[in-house]
Each structure stands twice: as structure tokens, then as C-alpha cells.
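Visitor: Sequence first, then the predicted structure:
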Amino acid sequence: MKKYTAIILIIALVLGLAGCSGQNAATDEGTLPIVQSPSGEETPESTAGAETTAGKTTAAPVTTEEPSTEAPTTEEPAATEPATEETTTEESDPSQWTIPIWTEPATPEPTPEPTPEPTPEPTPEPTPEPTPEPTPEPTPEPTPEPTPEPTPEPTPEGTTTPEPSAGDAPLVCIDPGHQAVANEEQEPVAPGSSETKAKVADGTHGITTGIRESVVNLEIALMLRDELIARGYRVLMTRTSEDVNISNIERAQMANEAGADAFLRLHCDYGDYSSSGISIFCQHPYSDYNGFQYENSRRLSELVLANMCRVTGAPNLGVTEAYHYSGINWSKVPGGLIEMGFMSNPTEEQRLLDPAYRQLLVQGMADGLDAYFGR
């Protein structure tokens, strides 16, 4: 901007000096140039120098004199610097002409940009707390009803009870002596023997209650089964019901075929009113049928008998070697026939019907088996 201001001042000074020179020349000649206007009127020629600087037009000073009385002349006014700018007819009083002073325009103060209002951050919606699922009230476990004693189911004639599952535990075959109805048909007492006896005898009964021996034998046998299973034995029952027809030979064969490790036959004895105690029968050592098992059978019988008498307090009537029991003679495994007490003795009969005494009998037999197998 200062460069342009200097140029304008120089041009104005030159034009001013030129104007003064022309004025003096006209005065010396006494005339002013007359210019014929298009309307025919003569007017003093107005020479105006227009300067254009950076897009700005500045009027040059023009001197106007009063018309002279002298004759007009066509003499051109004194030469001046050729004007390269556009002319203007605007007249100005030289006395009032002043050199323009460039004033640098005031720099407008920058309009402050509006400060954008901060965009409010979105307020996060509160996360709803999970509604806790209702805790189900504990369903009270039903009180188990007492399991009734299993009612022995009848086993069809000539059939056997299911064999126990295989395992390493000793297998004990339990034979509850007799059955509801005796079978008087005859069978050999021993293999190859001409001597015979009833397949299943009737058995005895209670002297005061009349209860059948077969019932007492079965009820105690079922208790013994449960006790042995609880101790880890495998158990095979020859019958679990009164309504069967199984001969003594068939019962022994069940134990043989199953490969039983012990064969216990449960019975009750009969004598006079004063007879009391427990005894066991096993095969004779010189038996032609199963004498090879005598030592094992004798040892098993003695251990079972001793523990039964120890627990119950009943008299120990000892182990008896016998020839006449078909169930013993046909057995190929160690075993014995147990006479648990005398049903002809009212006192002992009541004991045999007492659940607590029965449990003692069962405990004695189980303890005897433990001793025999070293458990």
C-alpha cells in the first residue's frame, strides 16, 4: 500500500507542475485556448489529466480563466505530458486542490467466530439392574414310606430262584427247610442208594402257637439274606415263598450248580418240653457220597454254631455227623443243617418268634461265616 501511495504523490506533483506551466504560457500570450463545443459555443478548453492508480481515478487540477476580449486563436495550448488516463469534464478550483493523502484503511477487527456451544454428552441411560429370578422354594422331599417286609412269592415247582450276580464275594446258598405242603413222594437218601424217604417232610410246629416250622424257617432265612448282602456276600435262596414244591435233592443240586461256597439249611427242632439249645448236622467223614467235603463242612458248622450260641446264649448241642439227610448227602459243597431251637419248648418257641432273638440268630450265623471265610 505504501508503494502505491508514493506513485500517486509523484504523479500528482508532475501534473501540478505541468498545470502551472500551461497557465504561465497562456498569460504570456494573453489568450486561452478556445475549444469549439458541438453546440457552436466557444468555451475554454478544459484539459484534465486523469490518473488511474491501482483502480482509482484522481482528477487533475484544471485552471479556468475568464474569457479574454482578444481575438480567439487556434493555437494549441502548451504541450503537456500525454495523458494516458481517461479525461473528465469535472472542473475544480486549483486553489482548493489538495494532494490526496492515502490513508490506509483501518483493518477491521476480526469478528470473533462464535464459540460453538459444547455439545452435551448424551447421558447414558441407567442400566436396569437385573431382576433376580425368584429362588424356587425347596421342594420338601417326600418322606419315604416304610418298606413292608417282602411277601414271599411262590416259586413254581421244579424251578429255581434267580442266580446272584457274579463277583468275588463268597456265595452262600440258604435253604429255608420244608414248605407249606409236604411232598410224600419218595426219593433216594443218597446217590445210588436203595433207601428212600419223602421228598419234603411236613416239619414241626409251635407247641403253644401252632405256627408252622416252614414259616419260621423262611422268615429267619430272609433276615439272614439281608444281613449277608449288607456284609458283602452273594446270596442264593432255594425258595422265598411257602407255596413251592421243591424236593431236598433239588435244593442241594441248586447249591451244587451255582458253585456255592457254603450251603446253610435252616430248621427248627422238636423234643420234650425241656429241650433247649442249638445244634448242627453235617456229613459223615466216611461218606461214600461227599466225604471229601467233610473237613470243610465240619469246620464251617463248628464256627457257625459257636457264634450263634455266643450271641444268643443258647446251649451248644454240638455238631452231629449224619447219614440219613438227603439234602446233606446230595450236596457237593461245604454246608450244614442248623437246628435253631426247639419249638416243643414253650419258652424257646417264644424266642424263635421274637424279632430281636431272630436277629441274634442271624448275627451269630453271619459271624460264623465271616470266621470261616476269614472276613
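Guide: Great, that's in hand.

Visitor: quick one: low-confidence parts of the stretch 151-300 of the chain?
Guide: Applying pLDDT under 70 to the stretch 151-300 of the chain picks out residues 151-167.

Visitor: hey, where'd the strands end up in it?
Guide: 171-176, 183-188, 196-200, 234-237, 262-269, 278-283 (DSSP state E, counting those that start in this stretch).

Visitor: mind putting the ones you listed in TSV, distance to residue 333 and mean neighbour count included?
Guide: Yep, even glycine has a C-beta here, placed from its N, CA and C like the rest. Shown next, in TSV, are these (distance: least, C-beta to C-beta, whole Å; neighbours: other C-beta atoms under 10 Å):
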stretch	distance to residue 333	mean neighbour count
strand 171-176	8	26
strand 183-188	19	14
strand 196-200	20	17
strand 234-237	11	21
strand 262-269	5	25
strand 278-283	11	25
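
Visitor: Out of the ones you listed, flag the one nearest residue 219.
Guide: strand 171-176 (8.4 Å; C-beta to C-beta).

Visitor: Output the closest one as PDB, restricted to C-alpha atoms.
Guide: Extracted in PDB, the C-alpha atoms of strand 171-176 (Å, rounded to 0.1, in the frame of the first residue of the first chain):
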ATOM      1  CA  LEU A 171     -21.600-117.200  47.500                       C
ATOM      2  CA  VAL A 172     -23.800-118.500  50.300                       C
ATOM      3  CA  CYS A 173     -26.800-120.700  49.400                       C
ATOM      4  CA  ILE A 174     -29.600-120.500  52.000                       C
ATOM      5  CA  ASP A 175     -32.300-123.200  52.200                       C
ATOM      6  CA  PRO A 176     -35.300-122.500  54.400                       C
END
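
Visitor: how close does residue 195 sit to residue 255?
Guide: Residue 195 sits 22 Å away from residue 255, going by C-beta to C-beta, to the nearest Å.

Visitor: Of these two, which one has the most company?
Guide: A count of neighbours by other C-beta atoms under 10 Å puts residue 255 above the other of residue 195 and residue 255, at 28 against 11.

Visitor: what about the stretch 1-150 of the chain, any weak spots by pLDDT?
Guide: Using pLDDT under 70, the stretch 1-150 of the chain drops low at 1-4, 16-150.

Visitor: Report the residue ranges of every domain in the protein.
Guide: Following automatic domain parsing, the chain resolves into domains at 2-96, 171-373.

Visitor: ranking these by burial, who's on top?
Guide: Most buried of the domains of the chain by mean neighbour count (mean count of other C-beta atoms under 10 Å) is domain 171-373; its value is a mean of 19.

Visitor: Let's see the distance spanning it from one end to the other.
Guide: 11 Å (C-alpha to C-alpha, to the nearest Å).

Visitor: all numbers from here: first residue = 48
Guide: All set: I'll call the first residue 48, so the last point we hit is now domain 218-420.

Visitor: In this model residue 258 seems to touch residue 251, though I could be wrong.
Guide: No. Using C-beta atoms under 8 Å, residue 251 is not in contact with residue 258, being 9.9 Å away.

Visitor: shared neighbours of these two, which are they?
Guide: By C-beta atoms under 8 Å, 6 or more residues apart in numbering, residue 251 and residue 258 have these common neighbours: residue 390.

Visitor: Perfect, that will be all.
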